[in-house]
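J.: coords please:
(one chain, ligands or ions: 1)
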Amino acid sequence: MARILLTSRLPDDALDPIAGHELIMPIPGKSLSTGEIADSARDVEAIVCHLRDRISAAVFTSAPHLVVVATVSVGYDNVDVGAATRAGVAVCHTPGVLDDTTADLAFALILAASRLLSDSERDLRQGGWTDRHLDGYLGRDVHGATLGLVGYGRIAQAVARRAEGFSMRVLHHARRPTGLPGFVVDLDDLLAMADVVSLHVPLTAETRHLIDARRLALMKPTAVLVNTARGPVVDEQALGAALESGRLFAAGIDVYENEPNVHPLLLAAPRTVLLPHVGSASFATRLAMARLATTAAAEVLAGRRPPNTVNPEVFDK
Ligand code: GLV
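T.: Numbering: from 1, shown residues only. Below you'll find the predicted structure:
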């Protein structure tokens, strides 16, 4: 029996794979700081965490028995993977099970931002729907528009499938040529051609502020930007300014540079739909993610090598 730190309550059905182990659970509703995680991790062999938790180098130095960190997320920028690898700790994540749910949300943002749904609903709720104006809340058509996908992994491809149903023309850019129809070599060209740009890249040193003021200026003034990937991929200050000045038509945003804080310029920006990082938030998908993470933790504890390990080299040490 091992000791496993769960930084959040998980659905009961996600706990079967780790039944028989000693579970250290948080107080419901309380999130642990990095320091508290490091303290609580001193005697554990496994941590099951999620995006909100920073699993920094300090956690690995304070946890001599730790063998696995399983994050209930597909992105793993919350974990210092380099430090984990140096400490011989496997890092596991949850690829594959959230693609369609996140693509649904990205598409919802494409529709909501293009058709100004937040602005019009807000006005209605505030009693501002007093008359019908032919020129009120005029949005941009999604059907027939050109969608530019930045990154072409599983989630982007799921968005592309939805876009086909809306008769969109779909282009994509990725670091390496995909060899698939719609591939655009130069990101700047894709940004200039697209009516809707949807971001689907992981957060890395290369993608931080990938969409900065210069690249926002390349986009059409009628264009819509959607970000369901990671907040720091976009320079929020520059995005807020582009929306405020009308340089960019609209934005649909689910992820932020400094979550859960949202840049004041974005909060104030017109024609902007803002969601609290809910891309994978459906009952079925969150359960599947949690089960995938607990299964990976159990596998590593049992001496096996789960396929969803991001640093499998630790198993060869
Ligand atoms: C969500 O953002 C995830 O990485 O799972």
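J.: mind listing the helices in the chain by residue range?
T.: Assigned by DSSP state H, the chain shows helices spanning 34-40, 57-62, 81-86, 99-114, 117-125, 154-165, 187-193, 213-218, 236-245, 264-268, 283-301.
J.: Quick one: those as TSV, columns for mean neighbour count, distance to residue 229 and mean pLDDT too.
T.: The way it works is simple: take the backbone N, C-alpha and C, and place the C-beta from them, glycine included. Shown next, in TSV, are those (neighbours: other CB atoms under 10 Å; distance: least, CB to CB, whole Å; pLDDT from 0 to 100):
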stretch	mean neighbour count	distance to residue 229	mean pLDDT
helix 34-40	17	23	90
helix 57-62	18	25	94
helix 81-86	17	18	98
helix 99-114	23	9	98
helix 117-125	14	20	96
helix 154-165	19	8	98
helix 187-193	18	14	98
helix 213-218	16	15	98
helix 236-245	19	13	98
helix 264-268	14	16	98
helix 283-301	21	17	98
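J.: closest one to residue 24 among these?
T.: For residue 24, the closest of the helices of the chain is helix 34-40, at 6.4 Å, according to CB to CB.
J.: Pull up the residues of the stretch 151-300 of the chain that are close to the ligand.
T.: 279, 280 (CB under 6 Å from any ligand atom).
J.: what residues go with each domain of this structure?
T.: Taking automatic domain parsing as the criterion, the chain consists of the domains 3-97+283-316, 99-274.
J.: How far off centre is the longest one?
T.: Think domain 99-274. 14 Å (CA atoms, centre = their mean, to the nearest Å).
J.: Can you tell me which residue is spatially central in this protein?
T.: The centre of the chain sits closest to residue 229, judged by CA atoms, centre = their mean, with a distance of 3.9 Å.
J.: hang on, that one packs against residue 202?
T.: Yes. The criterion here is CB atoms under 8 Å, and residue 229 meets it with residue 202 at 7.2 Å.
J.: Dig out what the residue nearest to residue 310 when sequence neighbours are not counted forms beta bridges with.
T.: Leaving aside its sequence neighbours, residue 310 sits nearest to residue 91 (CB to CB, 6 or more residues apart in numbering; 4.9 Å). Per DSSP bridges, the residues bridged to residue 91 are residue 69.
J.: how much space between residue 91 and residue 39?
T.: 20 Å (CB to CB, to the nearest Å).
J.: what number of residues lie near residue 316?
T.: Per other CB atoms under 10 Å, the neighbour tally for residue 316 reads 6.
J.: per-residue confidence at it?
T.: Listed pLDDT for residue 316 reads 92.
J.: now residue 54
T.: 93.
J.: wait, isn't it in contact with residue 78?
T.: Yes. Shown here, residue 54 and residue 78 form a contact pair, counting by CB under 8 Å, at 5.9 Å.
J.: re the thing from before, which residues touch the residue nearest to residue 310?
T.: When contacts are counted by CB atoms under 8 Å, 6 or more residues apart in numbering, residue 91 touches 68, 69, 70, 71, 76, 79, 81, 84, 85, 309, 310, 311.
J.: any chance of these in TSV, plus distance to the ligand?
T.: Putting the contacts of residue 91 into TSV (distance: CB to the nearest ligand atom, whole Å) gives the following:
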residue	distance to the ligand
68	18
69	14
70	12
71	8
76	8
79	11
81	14
84	17
85	20
309	16
310	12
311	17
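J.: List just the nearest of the residues you listed to residue 286.
T.: residue 71 (13.3 Å).
J.: Isn't that closest one up against residue 46?
T.: No. Look at residue 71 against residue 46 with CB under 8 Å: they stay out of range, at 11.7 Å.
J.: between the two, who's got more neighbours?
T.: The neighbour count for residue 71 versus residue 46, taken as other CB under 10 Å, is higher for residue 46 (30 against 26).
J.: quick one: contacts for that one?
T.: 2-5, 18, 21, 66-70, 297, 300-301.
J.: And for residue 48?
T.: Contacts of residue 48 (CB under 8 Å, 6+ apart): 4-7, 10, 18, 70-72, 290, 293-294, 297.
J.: rewinding a little: can you tell me how far the residue nearest to residue 310 is from the ligand?
T.: Per CB to the nearest ligand atom, to the nearest Å, residue 91 is found 13 Å from the ligand.
J.: And that residue, what's its pLDDT?
T.: At residue 91, pLDDT is 98.
J.: Just the pLDDT for residue 304.
T.: With respect to pLDDT, residue 304 scores 97.
J.: Please apply the same query to residue 30.
T.: 76.
J.: separation between it and the ligand?
T.: Taken as CB to the nearest ligand atom, the span from residue 30 to the ligand is 21 Å.
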